[in-house]
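Asker: Provide a 3D model corresponding to the input given below.
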Amino acid sequence: MSISDLFESGFKRRNEDHFAAIVRVAMSDGVINEDEKAFLDRLATSLDVTEEEYKKILKDYNTHPINAPHSYDERLERLYDLSRMVWADHIEGPNQERLLQKLCIGLGFNRDNVKYITDKALTLVHYNVTLDEFIMKMKTMNQ
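Answerer: Residues are numbered from 1 along each chain as shown. Below is the predicted model:
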């Protein structure tokens, strides 16, 4: 097996685990509603999760490890991607906020700050900021 094969298989596995972690968050209330399903469909495509893998993950999402980002910057990068996906899916109002709040908790953000983090993230992606701007503004949000 070549180095590139190892990299690709590791990257693929990480994407599947990331997808499974988000499915787990979506299932935290016991159901996946229509908005969450639409988001998961889009996310699966984005992460190159095949239909077969998608079905397997939905069935056994608890068997995948949760690989929460270790660094704050990595957490913000994932939040940026997820916020843009939620925004792009046009999940409106409270559903949009509720879904992103669940995802923030799954990423490891403090529950006490999740509403503020979600509001700030959605505002920033609404204004179409770059990843670097997003990270900078999220880090300075308390100042």
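
Asker: give me the contact list for stretch 132-139.
Answerer: 72, 73, 76, 77, 79, 80, 117, 120, 121, 124, 125, 129 (CB atoms under 8 Å, 6 or more residues apart in numbering). C-betas here are computed from N, CA, C, even on glycine.

Asker: looking at those, which are in helices?
Answerer: Those of the contacts of stretch 132-139 mapping onto helices are 72, 73, 76, 77, 79, 80, 117, 120, 121, 124, 125, per DSSP state H.

Asker: from the contacts of stretch 132-139, which would you call buried?
Answerer: Buried members of these, scored by 16 or more other CB atoms under 10 Å, are 76, 79, 80, 117, 120, 121, 124, 125, 129.

Asker: want to throw the contacts of stretch 132-139 into a markdown table with pLDDT?
Answerer: A markdown table is the format used below for the contacts of stretch 132-139 (pLDDT from 0 to 100):
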| residue | pLDDT |
| --- | --- |
| 72 | 91 |
| 73 | 91 |
| 76 | 92 |
| 77 | 87 |
| 79 | 89 |
| 80 | 88 |
| 117 | 94 |
| 120 | 94 |
| 121 | 94 |
| 124 | 94 |
| 125 | 91 |
| 129 | 94 |
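
Asker: quick one: those residues as CSV, columns for distance to residue 29 too.
Answerer: Listed next are these as CSV, based on distance: CB to CB, whole Å:
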residue, distance to residue 29
72, 27
73, 29
76, 25
77, 26
79, 20
80, 25
117, 20
120, 24
121, 21
124, 26
125, 24
129, 30
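
Asker: which single one of those is nearest to residue 17?
Answerer: residue 77 (16.0 Å; CB to CB).

Asker: go ahead and confirm residue 20 touches residue 61.
Answerer: Yes: using CB atoms under 8 Å, residue 20 is in contact with residue 61, at 4.8 Å.

Asker: quick one, what contacts the residue nearest the centre of the chain?
Answerer: Centroid-nearest residue in the chain: residue 82, 4.2 Å away (criterion: CA atoms, centre = their mean). Shown in contact with residue 82 (CB under 8 Å, 6+ apart): 22, 100, 103, 107.

Asker: mind checking pLDDT for the residue lying closest to the third one once chain neighbours are set aside?
Answerer: The reference is to residue 103. Spatial nearest neighbour of residue 103, chain neighbours left out: residue 82 (5.1 Å); criterion: CB to CB, 6 or more residues apart in numbering. With respect to pLDDT, residue 82 has a value of 81.
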